[in-house]
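Chemist: Give the three-dimensional model of this entry:
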Amino acid sequence: MKRPVLIDLEEASDITPATAPIILDDAPQGAAMQKVAALAARRSSPLGKWFWSLLISIIGFMVSLAAWNFVTGLIASNPFLGMAFSALLIIFCCVLLAIALRELSAFSRLRRIDRVQVEAAKAHAGADLPMARKVVDHLTQLYAGRPDTTWGRQQLAERAPEIMDADGLLDLAERSLLEPLDARAVAEVQAAARQVAVVTAVVPLALADVFTALTSNLRMIRRIAEIYGGRSGTLGSLRLVRTVLTHLVATGAVAVGDDLIHSVAGGGLLSKVSRRFGEGVVNGALTARVGIAAIEVCRPLPFQALKRPSVTGTVQRALTGLFGSA
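Modeler: Numbering: from 1, shown residues only. Got it, this is the predicted structure:
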């Protein structure tokens, strides 16, 4: 029987199990947010679009034909019940029409903010004062009637005629109108990041973290759009989610690396204590990234006079004290 072989090291290593760096392959990767981003940013094939369009058309035609035959048959057999059902059907169609008009109005508001963003970018790039004044007028109209912007609109109306510089005028509009809205939007991002982190860390059910991440991000993006004046309907919210997450996937901002793990408060330490806690922190950080991107998409003006919210600061304020001290 052979005895074990002992090999003496020439120099003692300073690395111990306690001081060893985190192995990224075993570190939390934010699996829930990775799945949500992949689902939202996945491109649908033209064949799939044709399939769903034809299926919805066929089902709609069959339901309409069945309803028509049912109503005409009911009127023939019992005119009173037939007229009552016809009235209910007409009311239902009116509700569907109102929903469709609301969705169209939501898309119109989103396009309105898109136009303001394009005009503001042109005014900044070309130092165009007339274009900047046009942007200010559009912002004033966009936020007219909102009590939370009353003070900002008054300040803007008093000081705007005195400014003869495009950048200065847009900076004044940004500070007067968007600074309080930015605070509310960041608070929504912090709340969503906190919720996703808690559910991922505490709830052990399969797919619960994915469902929570999906619903929390959808609700967060919708509320951010409402804060900045682009109140979106159901289809508008889906469009916003797809736009934001497609941008994040394209730029690689949903990938997890050393910078994210070390920037998140306690992320590396929590992953050593409990992998679920580490996943919760990383999913919360990725939710914050989505929220910051949603702010940039929904905000009428780019960040110039005000500082862009950082993911690190947002996550630290959202998760400090949640899993222990940061």
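Chemist: can we go C-alpha only for contacts and neighbour counts from here?
Modeler: OK.
Chemist: Quick check: which ranges of the chain have low pLDDT?
Modeler: Along the chain, the model assigns pLDDT under 70 to residues 1-45, 204-206, 230-237, 245-276, 321-326.
Chemist: what's the neighbour count on the residue lying closest to G284 once chain neighbours are set aside?
Modeler: Leaving aside its chain neighbours, G284 sits nearest to A193 (4.2 Å; criterion: C-alpha to C-alpha, 6 or more residues apart in numbering). A count of nearby residues for A193, using other C-alpha atoms under 10 Å, gives 31.
Chemist: Tell me how many other residues surround A225.
Modeler: If you count neighbours by other C-alpha under 10 Å, A225 ends up with 25.
Chemist: on contacts alone, who are the packing partners of the host helix or strand of it?
Modeler: Using DSSP states H and E, A225 sits in helix 208-227. Applying 3 or more C-alpha pairs under 8 Å, 6 or more residues apart in numbering; DSSP states H and E, one finds that helix 208-227 makes contact with helix 31-41, helix 179-202, helix 234-251, helix 275-298.
Chemist: who are the neighbours of the following helix or strand past the shortest one, in terms of helices and strands?
Modeler: Tracing the chain past helix 31-41, the next element assigned as helix or strand by DSSP H and E is helix 46-77. Contacts defined by 3+ C-alpha pairs under 8 Å, 6+ apart place helix 46-77 against helix 79-126.
Chemist: just to revisit the earlier point, can you verify my assumption that the residue nearest to G284 contacts A318?
Modeler: Yes: counting by C-alpha atoms under 8 Å, A318 is a contact partner of A193 at 6.8 Å.
Chemist: how far away is L139 from Q117?
Modeler: 10 Å (C-alpha to C-alpha, to the nearest Å).
Chemist: which neighbours do those two share?
Modeler: P300 (C-alpha atoms under 8 Å, 6 or more residues apart in numbering).
Chemist: Helix, strand, or coil at the residue nearest to E296 when sequence neighbours are not counted?
Modeler: In space, and not counting its chain neighbours, E296 is closest to P302: 7.0 Å by C-alpha to C-alpha, 6+ apart. For P302, the assignment made with DSSP: H, G, I helix; E, B strand; the rest coil gives coil.
Chemist: List phi and psi for P302.
Modeler: phi -70, psi 160 (degrees, to the nearest 10).
Chemist: same check, this time on L301
Modeler: According to degrees, to the nearest 10, L301 has phi -120, psi 150.
Chemist: Might one say that it is in contact with E119?
Modeler: No: assessed by C-alpha under 8 Å, L301 is found out of contact with E119, at 9.2 Å.
Chemist: Neighbour count: these two, which is higher?
Modeler: The neighbour comparison of L301 against E119 (other C-alpha under 10 Å) goes to L301, with 23 against 20.
Chemist: So for the chain, the centremost residue is which one?
Modeler: I221 (3.2 Å; C-alpha atoms, centre = their mean).
Chemist: Which residues are in contact with the closest residue to R289 other than its chain neighbours?
Modeler: Leaving aside its chain neighbours, R289 sits nearest to V311 (5.9 Å; criterion: C-alpha to C-alpha, 6+ apart). Contacts were defined as C-alpha under 8 Å, 6+ apart; by that measure V311 touches 285, 288-289, 292.
Chemist: Could you chop the chain up by domain?
Modeler: 32-41+112-319, 53-107 (automatic domain parsing).
Chemist: Adding distance to L47, write the ones you listed out as TSV.
Modeler: Below are the domains of the chain laid out as TSV (distance: least, C-alpha to C-alpha, whole Å):
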stretch	distance to L47
domain 32-41+112-319	18
domain 53-107	10
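Chemist: out of the ones you listed, deepest packed?
Modeler: domain 32-41+112-319 (a mean of 19; mean count of other C-alpha atoms under 10 Å).
Chemist: Tell me how far it lies from the chain's centre.
Modeler: Here domain 32-41+112-319 is found 7 Å from its chain centre; the criterion is C-alpha atoms, centre = their mean, to the nearest Å.
Chemist: Numbering from 590 from now on, please.
Modeler: From this message on, residue numbering opens at 590, which makes the last subject domain 621-630+701-908.
Chemist: Nice, that's everything, thank you.
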